[in-house]
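Peer 1: generate coordinates for the sequence data below:
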Amino acid sequence: MPVLLDVQGLNIQFATAQGMLTAVRDVNFHIDAGEVFGLVGESGSGKSVSALAILRLLPPQAHLAGSIQFRNEDLLTLPLQEMQHIRGAGISMIFQEPMTALNPVMRVGDQIAEAVLAHSTNGRVTKSDAWNRAVEALRTVAIADADRRARDYPHQLSGGQRQRVMIAMAVVNRPSLLIADEPTTALDVTIQAQVLDLLAELRETFSLAMLFISHDLAVVSQISRRIGVMYAGSMVEMGTAAEVFRNPAHPYTRGLLNSVPTLRSDRAKPLQTIEGTVPAIAALPPGCAFEPRCDFRVASCSAALPPLLEVAPGHFARCPVVAPEVR
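Peer 2: Coordinates of the predicted model:
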């Protein structure tokens, strides 16, 4: 499959009163057409910031470097007017927390129709046409009685229904790439499974590529073909989901997987944890950010950020100590 999105050497810094703070360091990944790439990591690891950088939705204080190629165009150098055409049509995003992402004083149908009208050229789509497409989008995401629900306000819908409205808004213009930022957060397990099934169905129906962001390892493994693991702004491991979960190479990935309870876990014993805490963004070490918490660290780990090494075909890890052993 051809490469649809290619992120190379992405660095994101924010100008603050404390100086320039680095949120993302040297992130590289690509997404093929029709592929689901999972981005996993704990809160503050840089997942959402990286996603917002793709659509250039970060505030003016953000300074970006690197390259984000979409259909062979570098999004970081495109004029803002051209980016407006890509947002919502070429690349769309399901934002976190649908209750805050949706406008509370607009009917949900109007909000979806607004996305349709925003990409109408020369007024070829009327308000009536946009409304009809909005209702059809609600049907596509399996909202019952879509005609009536389109006239509801966000507070009149359940959490699962609001998430479906966000998905409908994201796919109404048939984008090539869908960024799903924690789309199952705060949903119960049953609704979470329904949303994942819906996303899988939409991906198949519309040949969508997807960047799926989550802190939930089980969810990411269920929907993604390849995954990237982020820690403190860096991509520490990347490969197929099956390979990374079967043979984790980076100590942080190993720690994450060891801390997940399974049916074979001894309930009499406490769950395994990763000692220490994530470093503050204002106090990132010059080398590997995981080095202070790592049992395998050597002197070179603190000197500079280790490169991504290929430990198996298509499987990369940012660790000079463990990677050669895995290979």
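Peer 1: every contact and neighbour count from this point should use C-alpha atoms.
Peer 2: Noted.
Peer 1: show me what the strand or helix carrying residue 165 is packed against.
Peer 2: Using DSSP states H and E, residue 165 falls within helix 159-171. Counting contacts by 3 or more Cα pairs under 8 Å, 6 or more residues apart in numbering; DSSP states H and E, helix 159-171 is packed against strand 91-94, helix 98-101, helix 108-118, helix 127-140, helix 189-206.
Peer 1: what residues sit buried inside the last one?
Peer 2: Okay, so that is helix 189-206. 191, 192, 195, 196, 198, 199, 200, 202, 203 (16 or more other Cα atoms under 10 Å).
Peer 1: would you list the helices and strands packed on helix 159-171 in JSON lines and tack on distance to residue 261 and mean pLDDT?
Peer 2: Output for the helices and strands packed on helix 159-171, formatted as JSON lines (distance: least, Cα to Cα, whole Å; pLDDT from 0 to 100):
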{"stretch": "strand 91-94", "distance to residue 261": "29", "mean pLDDT": "96"}
{"stretch": "helix 98-101", "distance to residue 261": "29", "mean pLDDT": "83"}
{"stretch": "helix 108-118", "distance to residue 261": "39", "mean pLDDT": "95"}
{"stretch": "helix 127-140", "distance to residue 261": "36", "mean pLDDT": "96"}
{"stretch": "helix 189-206", "distance to residue 261": "16", "mean pLDDT": "90"}
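Peer 1: picking up where we left off before, tell me which other helices or strands the next helix or strand after the helix holding residue 165 touches.
Peer 2: Under the assignment DSSP H and E, the closest C-terminal helix or strand after helix 159-171 is strand 177-181. Under the contact criterion of 3+ Cα pairs under 8 Å, 6+ apart, strand 177-181 touches helix 47-54, strand 91-94, strand 209-214.
Peer 1: ok, whichever helix or strand comes after the first one: who's next to it in the sheet?
Peer 2: As assigned by DSSP H and E, the chain's next helix or strand after helix 47-54 is strand 62-70. For strand 62-70, sheet partners with direction are given as strand 3-16 (antiparallel), strand 73-74 (antiparallel), following DSSP bridges.
Peer 1: same question for strand 62-70, mean pLDDT?
Peer 2: The average pLDDT for strand 62-70 rounds to 96.
Peer 1: in that strand, which residues are buried?
Peer 2: Going by 16+ other Cα under 10 Å, strand 62-70 has these buried residues: 62, 63, 64, 66, 67, 68, 69, 70.
Peer 1: where does the stretch 101-250 of the chain have low pLDDT?
Peer 2: 122-123 (pLDDT under 70).
Peer 1: 90 instead?
Peer 2: 101, 119-125, 159-160, 183-193, 215-219, 221-222 (pLDDT under 90).
Peer 1: quick check: domain ranges of this protein?
Peer 2: Domain assignment for the chain, taken from automatic domain parsing, gives 3-90+176-326, 102-174.
Peer 1: doesn't residue 209 make contact with residue 202?
Peer 2: No. With contacts counted by Cα atoms under 8 Å, residue 202 stays clear of residue 209, the gap being 10.2 Å.
Peer 1: let's have the buried residues of strand 62-70 in a markdown table, adding distance to residue 127.
Peer 2: Below are these laid out as a markdown table (distance: Cα to Cα, whole Å):
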| residue | distance to residue 127 |
| --- | --- |
| 62 | 36 |
| 63 | 38 |
| 64 | 37 |
| 66 | 40 |
| 67 | 37 |
| 68 | 34 |
| 69 | 34 |
| 70 | 30 |
